[in-house]
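**Student:** for reference, the sequence and a predicted model appear below.
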Amino acid sequence: MMRTSFAALIIASCILMRAFVKPSPLHTLEMDTLLTSEGDSQRTQYPYVTGTSVIGIKYKDGILMAADMGGSYGSTIRYKSVERIKQVGKHSLIGASGEISDFQEILKYLDELILHDNMWDDGNSLGPKEVHSYLTRVMYNRRNKFDPLWNSLVIGGVKNGHKYLGSVSMIGVNFEDDHIATGFGNHLARPLLREEWREDLSFEEGVKLLEKCMRNLLYRDRSAVNKIQIAKITEEGLTVSQPYSLKTFWIFSAFQNPTVGAEGSW
(Lines give C-alpha, C1' and ligand atoms only; values in the text may rest on other atoms or scores of the structure.)
Protein backbone atom coordinates (compact mmCIF):
# COMPACT_ATOMS: atom_id res chain seq x y z
CA MET A 1 0.00 0.00 0.00
CA MET A 2 2.82 2.38 0.90
CA ARG A 3 4.63 1.54 -2.36
CA THR A 4 1.48 2.31 -4.38
CA SER A 5 0.99 5.62 -2.60
CA PHE A 6 4.64 6.54 -3.10
CA ALA A 7 4.46 5.77 -6.85
CA ALA A 8 1.27 7.81 -7.16
CA LEU A 9 2.96 10.71 -5.35
CA ILE A 10 5.91 10.63 -7.79
CA ILE A 11 3.64 10.64 -10.84
CA ALA A 12 1.54 13.47 -9.38
CA SER A 13 4.70 15.49 -8.77
CA CYS A 14 5.79 14.95 -12.38
CA ILE A 15 2.41 16.16 -13.65
CA LEU A 16 2.58 19.28 -11.46
CA MET A 17 6.10 20.04 -12.67
CA ARG A 18 4.93 19.77 -16.26
CA ALA A 19 2.08 22.18 -15.53
CA PHE A 20 4.01 24.94 -13.71
CA VAL A 21 7.70 24.52 -14.61
CA LYS A 22 9.26 24.60 -18.06
CA PRO A 23 11.63 21.61 -17.97
CA SER A 24 14.86 21.19 -19.90
CA PRO A 25 14.87 18.86 -22.95
CA LEU A 26 16.82 16.24 -20.96
CA HIS A 27 14.33 16.42 -18.09
CA THR A 28 11.44 16.07 -20.55
CA LEU A 29 13.02 12.90 -21.96
CA GLU A 30 13.38 11.44 -18.46
CA MET A 31 9.73 12.21 -17.64
CA ASP A 32 8.54 10.62 -20.89
CA THR A 33 10.52 7.48 -20.09
CA LEU A 34 9.06 7.35 -16.57
CA LEU A 35 5.46 7.84 -17.69
CA THR A 36 5.63 5.52 -20.71
CA SER A 37 4.77 1.90 -19.93
CA GLU A 38 6.84 0.65 -22.88
CA GLY A 39 9.96 2.53 -21.84
CA ASP A 40 11.58 -0.57 -20.36
CA SER A 41 10.53 -3.13 -22.98
CA GLN A 42 11.71 -1.71 -26.29
CA ARG A 43 14.42 -3.48 -28.25
CA THR A 44 16.17 -3.16 -31.57
CA GLN A 45 14.41 -3.95 -34.83
CA TYR A 46 17.62 -4.45 -36.79
CA PRO A 47 20.03 -7.40 -36.98
CA TYR A 48 23.42 -7.18 -35.30
CA VAL A 49 25.24 -10.51 -35.79
CA THR A 50 24.15 -12.28 -38.95
CA GLY A 51 24.89 -15.40 -40.94
CA THR A 52 24.79 -15.60 -44.71
CA SER A 53 23.37 -18.16 -47.16
CA VAL A 54 21.98 -21.64 -46.47
CA ILE A 55 21.54 -24.12 -49.34
CA GLY A 56 19.35 -27.23 -49.25
CA ILE A 57 18.73 -29.89 -51.91
CA LYS A 58 16.91 -33.18 -52.26
CA TYR A 59 18.91 -36.20 -53.37
CA LYS A 60 17.91 -39.80 -53.99
CA ASP A 61 18.08 -40.89 -50.32
CA GLY A 62 17.05 -37.73 -48.46
CA ILE A 63 18.05 -34.12 -47.90
CA LEU A 64 21.42 -32.36 -47.95
CA MET A 65 21.97 -28.91 -46.44
CA ALA A 66 25.05 -26.67 -46.41
CA ALA A 67 26.02 -23.46 -44.61
CA ASP A 68 29.22 -21.74 -43.63
CA MET A 69 30.07 -20.89 -40.02
CA GLY A 70 30.56 -17.14 -40.28
CA GLY A 71 28.87 -14.56 -38.08
CA SER A 72 29.16 -10.95 -39.24
CA TYR A 73 28.95 -8.00 -36.85
CA GLY A 74 27.65 -5.46 -39.34
CA SER A 75 30.09 -5.73 -42.25
CA THR A 76 32.86 -7.27 -40.12
CA ILE A 77 33.25 -11.05 -40.03
CA ARG A 78 33.44 -11.35 -36.25
CA TYR A 79 32.83 -15.07 -35.61
CA LYS A 80 33.92 -18.13 -37.58
CA SER A 81 32.46 -20.99 -35.53
CA VAL A 82 28.70 -20.34 -35.62
CA GLU A 83 26.66 -23.49 -36.28
CA ARG A 84 23.61 -22.60 -38.33
CA ILE A 85 22.28 -26.10 -39.05
CA LYS A 86 20.45 -27.91 -36.24
CA GLN A 87 18.38 -31.06 -35.76
CA VAL A 88 14.67 -30.74 -34.97
CA GLY A 89 13.13 -33.87 -33.48
CA LYS A 90 13.68 -37.22 -35.18
CA HIS A 91 12.87 -36.39 -38.78
CA SER A 92 13.89 -32.80 -39.50
CA LEU A 93 16.73 -30.32 -39.66
CA ILE A 94 16.75 -26.54 -39.92
CA GLY A 95 19.22 -24.05 -41.35
CA ALA A 96 19.06 -20.30 -40.83
CA SER A 97 20.52 -17.18 -42.34
CA GLY A 98 20.07 -13.78 -40.73
CA GLU A 99 20.23 -12.70 -37.09
CA ILE A 100 21.94 -15.34 -34.93
CA SER A 101 20.18 -14.38 -31.67
CA ASP A 102 16.77 -14.65 -33.36
CA PHE A 103 17.74 -18.11 -34.61
CA GLN A 104 18.58 -19.06 -31.03
CA GLU A 105 15.12 -17.91 -29.98
CA ILE A 106 13.56 -19.99 -32.76
CA LEU A 107 15.48 -23.03 -31.50
CA LYS A 108 13.97 -22.46 -28.04
CA TYR A 109 10.49 -22.43 -29.59
CA LEU A 110 11.28 -25.68 -31.40
CA ASP A 111 12.62 -27.32 -28.23
CA GLU A 112 9.33 -26.51 -26.50
CA LEU A 113 7.36 -27.83 -29.50
CA ILE A 114 9.25 -31.14 -29.58
CA LEU A 115 9.02 -31.52 -25.79
CA HIS A 116 5.26 -31.01 -25.89
CA ASP A 117 4.97 -33.51 -28.75
CA ASN A 118 7.01 -36.12 -26.87
CA MET A 119 4.79 -35.76 -23.80
CA TRP A 120 1.97 -37.50 -25.67
CA ASP A 121 4.11 -40.67 -25.89
CA ASP A 122 1.86 -42.02 -28.66
CA GLY A 123 4.59 -43.42 -30.89
CA ASN A 124 4.20 -40.60 -33.39
CA SER A 125 6.44 -37.58 -33.88
CA LEU A 126 6.40 -34.33 -35.82
CA GLY A 127 7.74 -34.45 -39.36
CA PRO A 128 9.37 -31.72 -41.45
CA LYS A 129 6.08 -30.62 -42.99
CA GLU A 130 4.56 -29.98 -39.55
CA VAL A 131 7.69 -28.12 -38.39
CA HIS A 132 7.60 -25.98 -41.54
CA SER A 133 3.93 -25.16 -40.99
CA TYR A 134 4.60 -24.23 -37.35
CA LEU A 135 7.51 -21.94 -38.24
CA THR A 136 5.46 -20.26 -40.96
CA ARG A 137 2.86 -19.32 -38.33
CA VAL A 138 5.56 -18.14 -35.90
CA MET A 139 7.30 -15.91 -38.46
CA TYR A 140 4.04 -14.45 -39.75
CA ASN A 141 2.78 -13.82 -36.22
CA ARG A 142 5.94 -11.96 -35.23
CA ARG A 143 5.84 -9.96 -38.44
CA ASN A 144 2.29 -8.83 -37.65
CA LYS A 145 3.49 -7.62 -34.24
CA PHE A 146 6.10 -5.45 -36.04
CA ASP A 147 8.77 -7.41 -34.17
CA PRO A 148 9.96 -9.92 -36.77
CA LEU A 149 12.47 -12.68 -36.24
CA TRP A 150 15.15 -11.54 -38.68
CA ASN A 151 15.81 -14.90 -40.37
CA SER A 152 15.26 -16.86 -43.53
CA LEU A 153 14.83 -20.54 -42.67
CA VAL A 154 15.33 -23.77 -44.60
CA ILE A 155 13.53 -26.84 -43.23
CA GLY A 156 14.20 -30.32 -44.57
CA GLY A 157 13.63 -33.89 -43.55
CA VAL A 158 12.41 -37.38 -44.34
CA LYS A 159 9.42 -39.14 -42.78
CA ASN A 160 7.72 -42.34 -43.91
CA GLY A 161 9.84 -42.36 -47.05
CA HIS A 162 8.74 -38.87 -48.10
CA LYS A 163 11.43 -36.23 -48.66
CA TYR A 164 10.47 -32.68 -47.76
CA LEU A 165 12.27 -29.37 -48.30
CA GLY A 166 10.75 -25.96 -47.59
CA SER A 167 11.62 -22.38 -46.77
CA VAL A 168 10.05 -19.52 -44.82
CA SER A 169 11.13 -15.87 -44.82
CA MET A 170 11.14 -13.33 -41.99
CA ILE A 171 7.65 -12.14 -42.99
CA GLY A 172 6.14 -15.61 -43.27
CA VAL A 173 6.40 -16.19 -47.03
CA ASN A 174 6.82 -19.95 -47.47
CA PHE A 175 7.18 -22.51 -50.24
CA GLU A 176 8.43 -26.02 -51.01
CA ASP A 177 10.96 -26.93 -53.70
CA ASP A 178 13.54 -29.50 -54.77
CA HIS A 179 16.38 -27.08 -54.02
CA ILE A 180 16.41 -23.91 -51.92
CA ALA A 181 18.91 -21.16 -51.17
CA THR A 182 18.60 -18.15 -48.88
CA GLY A 183 20.33 -14.78 -48.84
CA PHE A 184 22.90 -14.09 -51.54
CA GLY A 185 22.70 -17.76 -52.46
CA ASN A 186 19.26 -17.13 -53.93
CA HIS A 187 21.03 -15.14 -56.67
CA LEU A 188 24.35 -16.96 -57.03
CA ALA A 189 23.58 -20.59 -56.14
CA ARG A 190 20.09 -21.14 -57.55
CA PRO A 191 21.22 -20.78 -61.20
CA LEU A 192 23.78 -23.55 -60.62
CA LEU A 193 21.16 -25.70 -58.91
CA ARG A 194 18.65 -25.21 -61.73
CA GLU A 195 21.28 -26.27 -64.24
CA GLU A 196 22.84 -29.26 -62.47
CA TRP A 197 20.33 -30.65 -59.95
CA ARG A 198 18.70 -34.02 -60.66
CA GLU A 199 16.23 -36.03 -58.63
CA ASP A 200 18.48 -39.11 -58.70
CA LEU A 201 21.62 -37.39 -57.39
CA SER A 202 23.82 -39.68 -55.32
CA PHE A 203 25.21 -38.52 -51.98
CA GLU A 204 28.65 -37.85 -53.49
CA GLU A 205 27.16 -35.90 -56.41
CA GLY A 206 24.96 -33.88 -54.05
CA VAL A 207 27.91 -32.95 -51.83
CA LYS A 208 29.95 -31.97 -54.90
CA LEU A 209 27.11 -29.72 -56.12
CA LEU A 210 26.73 -28.06 -52.72
CA GLU A 211 30.48 -27.47 -52.51
CA LYS A 212 30.40 -25.84 -55.95
CA CYS A 213 27.63 -23.50 -54.79
CA MET A 214 29.43 -22.66 -51.53
CA ARG A 215 32.68 -21.99 -53.42
CA ASN A 216 30.83 -19.64 -55.76
CA LEU A 217 29.46 -17.77 -52.75
CA LEU A 218 32.88 -17.64 -51.12
CA TYR A 219 34.28 -15.90 -54.20
CA ARG A 220 31.52 -13.30 -54.39
CA ASP A 221 29.85 -12.84 -50.99
CA ARG A 222 31.87 -10.67 -48.60
CA SER A 223 30.10 -12.27 -45.59
CA ALA A 224 31.02 -15.84 -46.54
CA VAL A 225 33.87 -17.69 -44.81
CA ASN A 226 35.80 -20.76 -45.94
CA LYS A 227 34.58 -23.02 -43.16
CA ILE A 228 31.45 -25.00 -43.97
CA GLN A 229 29.26 -27.82 -42.68
CA ILE A 230 27.11 -30.18 -44.70
CA ALA A 231 24.22 -32.04 -43.06
CA LYS A 232 22.54 -35.20 -44.36
CA ILE A 233 19.18 -36.54 -43.21
CA THR A 234 17.64 -39.82 -44.36
CA GLU A 235 15.26 -42.41 -42.92
CA GLU A 236 18.23 -43.74 -40.92
CA GLY A 237 18.90 -40.43 -39.17
CA LEU A 238 20.83 -37.18 -39.28
CA THR A 239 24.56 -36.62 -39.79
CA VAL A 240 26.30 -33.23 -39.66
CA SER A 241 29.85 -33.09 -40.95
CA GLN A 242 32.75 -31.62 -39.05
CA PRO A 243 33.65 -28.12 -40.27
CA TYR A 244 36.05 -28.10 -43.20
CA SER A 245 37.45 -25.72 -45.81
CA LEU A 246 37.04 -25.80 -49.58
CA LYS A 247 39.86 -25.76 -52.09
CA THR A 248 39.88 -22.37 -53.80
CA PHE A 249 41.59 -20.71 -56.76
CA TRP A 250 42.24 -16.98 -56.58
CA ILE A 251 44.51 -16.47 -59.60
CA PHE A 252 41.70 -15.49 -61.97
CA SER A 253 42.68 -12.35 -63.88
CA ALA A 254 39.53 -10.58 -62.72
CA PHE A 255 40.57 -11.14 -59.10
CA GLN A 256 44.15 -10.00 -59.67
CA ASN A 257 43.30 -6.81 -61.57
CA PRO A 258 39.58 -6.03 -61.31
CA THR A 259 39.88 -2.64 -63.08
CA VAL A 260 41.11 -4.03 -66.42
CA GLY A 261 38.69 -3.02 -69.15
CA ALA A 262 36.71 -0.79 -66.81
CA GLU A 263 35.25 2.34 -68.39
CA GLY A 264 34.77 5.68 -66.71
CA SER A 265 36.12 9.20 -66.43
CA TRP A 266 37.93 8.53 -63.16
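**Tutor:** Sure thing, it's come through.

**Student:** could you measure from Asn118 over to Ser81?
**Tutor:** 30 Å (CB to CB, to the nearest Å). Every residue, glycine included, has its C-beta placed from N, CA and C.

**Student:** these two - which one has more neighbours?
**Tutor:** Asn118 (13 against 10; other CB atoms under 10 Å).

**Student:** pLDDT score for that one?
**Tutor:** pLDDT, Asn118: 91.

**Student:** next up, phi/psi of the closest residue to it other than its chain neighbours, please.
**Tutor:** Spatial nearest neighbour of Asn118, excluding adjacent residues (CB to CB, 6 or more residues apart in numbering): Ser125 at 7.5 Å. When read as degrees, to the nearest 10, the backbone of Ser125 gives phi -150, psi 160.

**Student:** where exactly do the strands run in the stretch 101-250 of the chain?
**Tutor:** 151-159, 162-168, 174-176, 179-181, 228-234, 237-240 (DSSP state E, counting those that start in this stretch).

**Student:** turn those strands into TSV, columns for mean neighbour count.
**Tutor:** What follows is the strands of the stretch 101-250 of the chain, written out as TSV (neighbours: other CB atoms under 10 Å):
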stretch	mean neighbour count
strand 151-159	26
strand 162-168	21
strand 174-176	14
strand 179-181	26
strand 228-234	21
strand 237-240	15
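
**Student:** possible to save those strands as a markdown table with distance to Gly261?
**Tutor:** Shown next, in a markdown table, are those (distance: least, CB to CB, whole Å):
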| stretch | distance to Gly261 |
| --- | --- |
| strand 151-159 | 35 |
| strand 162-168 | 38 |
| strand 174-176 | 39 |
| strand 179-181 | 30 |
| strand 228-234 | 32 |
| strand 237-240 | 43 |
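
**Student:** now distance to Lys129 and mean pLDDT too, for those, in a markdown table please.
**Tutor:** Below are those laid out as a markdown table (distance: least, CB to CB, whole Å; pLDDT from 0 to 100):
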| stretch | distance to Lys129 | mean pLDDT |
| --- | --- | --- |
| strand 151-159 | 8 | 97 |
| strand 162-168 | 5 | 97 |
| strand 174-176 | 9 | 96 |
| strand 179-181 | 15 | 97 |
| strand 228-234 | 14 | 97 |
| strand 237-240 | 17 | 95 |
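
**Student:** what are the bridge partners for the nearest residue to Leu201 once chain neighbours are set aside, then?
**Tutor:** Using CB to CB, 6+ apart and skipping residues adjacent in sequence, the residue nearest Leu201 is Tyr59, 4.2 Å away. For Tyr59, the beta-bridge partners are Gly62 (DSSP bridges).

**Student:** and for Tyr59, the neighbour number?
**Tutor:** 25.
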